[in-house]
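1. need coordinates for the below:
(chains A and B)
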2 protein chains.
Amino acid sequence: MARKATNITPVAHRVANAQRWRRQGHRGGVMWFTGLSGSGKSTLGFALEQRLFEAGYHVYVLDGDNVRHGLSADLGFSPDERTENIRRIGEVAALFADAGMIVLTAFISPYRSDRAGARRAAKNGFHEVFLDASLEICEKRDPKGLYKKARRGEIREFTGVTAPYEAPVEPELTIDTGALTIAQSLQTLVDYVERNFKLPAG
Amino acid sequence: MARKATNITPVAHRVANAQRWRRQGHRGGVMWFTGLSGSGKSTLGFALEQRLFEAGYHVYVLDGDNVRHGLSADLGFSPDERTENIRRIGEVAALFADAGMIVLTAFISPYRSDRAGARRAAKNGFHEVFLDASLEICEKRDPKGLYKKARRGEIREFTGVTAPYEAPVEPELTIDTGALTIAQSLQTLVDYVERNFKLPAG
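-> Predicted coordinates for the structure are as follows:
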């Protein structure tokens, strides 16, 4: 795999984005999912990761599971701490994109200014994906029973119930996950990635 | 590239590490460079990235340039802040490794306990690489003029001068970058990666 020649001249610069993209056939970038709890961020994130991986893309999901227990383990859920959590995720997503990967982030990320910060961090290749299901539908689904807990007052500052959700103003993609099936939403995402990340062959 | 079938069953689990490794022909993991300023961390990091990339590996360098201006932009250089900086880098490196990449980290990371934290975060696939050049040699090289500044008292808590460097006790790899040429050190690294990350063909 690696060449054995020792007469190389070491170069002190990074591998360029264009080199990475060319080799793998697609750009790197951030697909930033935002939406209420129950809008389908994790479900669609993992399903999209699987589909894209099978299609040859380099793809990775950042979500609460791999971020909240590690990078953000020192943060709670106050507004300030949520902001710092999203700031860090935005920076990490930017690093993944710089490494050539398509990174899918599955966080409610309720504040516009926080998402704007993630967009700035990524510089370009940032795609805000609004999973637009109404509070009524999300609360009816309540896959983790969190809305019930929030209504009973057992969770403070729960987005949509006791904390605001600021919907995106100009997202790159909006999916009505309240009306579409998971398979339909997923296909919309796959088509979007193919249009926006894939490089022309040859 | 992507399949067009819409009759898929979305699955809500991650792409497994083994799937990623099989597709790309090598494991993911962390090559954690540690050593004094001037020991060759960045030079060897970028040279190794280039060599590995050309050989088909998925590889990325984390260093002060892409971390200190972003993820750790809120941190200074006090002992506590250095520790938090290294903690975050350890967590991000673990995410990159989980995504199947070989991540090369180029930070002095002078404290044993901080490096132990990075090792824990990575769970496995962590390789501590000690670039073992003496203070005398590093200070003589002084590529950025930092030792001079530190000796004049213009930089506080400079590792090796006014702050401690705790050498690794059992690093996976030690390279005497004071005695070897850059090309020789680089070849040692390439050989190490080939032995430890490459999967058997077929």
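2. tell me the helix or strand right after the worst-scoring helix or strand of chain A on mean pLDDT.
-> Sorting the helices and strands of chain A by mean pLDDT, DSSP states H and E puts helix A:64-67 at the bottom, at a mean of 92. Sequence-wise, the next helix or strand downstream of helix A:64-67 (DSSP states H and E) is helix A:79-98.
3. quick one: name whatever helix or strand follows that next one.
-> strand A:102-106.
4. for A:Leu44, give its distance to A:Ile175.
-> A:Leu44 sits 8 Å away from A:Ile175, going by Cβ to Cβ, to the nearest Å. Every residue, glycine included, has its C-beta placed from N, CA and C.
5. and A:Val61, what are its phi and psi?
-> Phi and psi for A:Val61, reported as degrees, to the nearest 10, are phi -100, psi 130.
6. my read is that it contacts A:Ala47, right?
-> No: the criterion here is Cβ atoms under 8 Å, and A:Val61 misses it with A:Ala47 at 10.1 Å.
7. which residues are common contacts for A:Leu44 and A:Ile175?
-> A:Leu131, A:Ser185, A:Leu189 (Cβ atoms under 8 Å, 6 or more residues apart in numbering or on different chains).
8. wait, is the last one part of a strand?
-> No: with DSSP: H, G, I helix; E, B strand; the rest coil as the criterion, A:Leu189 is helix rather than part of a strand.
9. ok, it to chain B distance?
-> 10 Å (Cβ to the nearest Cβ, to the nearest Å).
10. ditto for the second one
-> With the distance defined as Cβ to the nearest Cβ, A:Ser185 ends up 9 Å from chain B.
11. what's the separation between the most centrally placed residue in chain A and B:Gly45?
-> Centroid check for chain A by Cα atoms, centre = their mean gives A:Thr105 as the closest residue, at 1.8 Å. As judged by Cβ to Cβ, A:Thr105 and B:Gly45 stand 27 Å apart.
12. how about A:Glu128, secondary structure?
-> Per three-state DSSP, the secondary structure class of A:Glu128 is strand.
13. could you list which residues are in contact with it?
-> Here A:Glu128 is in contact with A:Trp32, A:Thr34, A:Arg115, A:Arg119, A:Pro168, A:Glu170, A:Pro171, A:Glu172, A:Leu173 (Cβ under 8 Å, 6+ apart).
14. for chain A, what spans make up the strands?
-> Counting by DSSP state E, chain A has strands at residues A:29-34, A:59-63, A:102-106, A:126-131, A:173-175.
15. list the neighbouring strands of the fourth one plus their orientation.
-> Partner strands and pairing direction for strand A:126-131 (DSSP bridges) are strand A:29-34 (parallel), strand A:173-175 (parallel).
16. quick one: that strand to strand A:102-106, angle?
-> 40 degrees (axes from the mean of the first three to the mean of the last three Cα atoms, to 10 degrees).
17. and strand A:126-131, average pLDDT?
-> The pLDDT scores in strand A:126-131 average 98.
18. before we move on, what about the first one?
-> Mean per-residue pLDDT for strand A:29-34: 98.
19. show me how far it is from its chain's centre.
-> Remark: strand A:29-34 is offset 4 Å from the chain centroid, using Cα atoms, centre = their mean, to the nearest Å.
20. contacts for that strand?
-> A:41, A:44-45, A:48, A:93-94, A:96-97, A:102-110, A:115, A:118-119, A:122, A:124-131, A:168, A:171, A:189, A:193, A:196-197.
21. export that strand as PDB, just CAs?
-> Provided in PDB are the C-alpha atoms of strand A:29-34 (Å, rounded to 0.1, in the frame of the first residue of the first chain):
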ATOM      1  CA  GLY A  29     -19.600  19.100   3.800                       C
ATOM      2  CA  VAL A  30     -22.100  19.400   6.600                       C
ATOM      3  CA  MET A  31     -25.800  18.300   6.400                       C
ATOM      4  CA  TRP A  32     -27.100  20.100   9.500                       C
ATOM      5  CA  PHE A  33     -30.400  18.600  10.600                       C
ATOM      6  CA  THR A  34     -32.500  20.800  12.800                       C
END
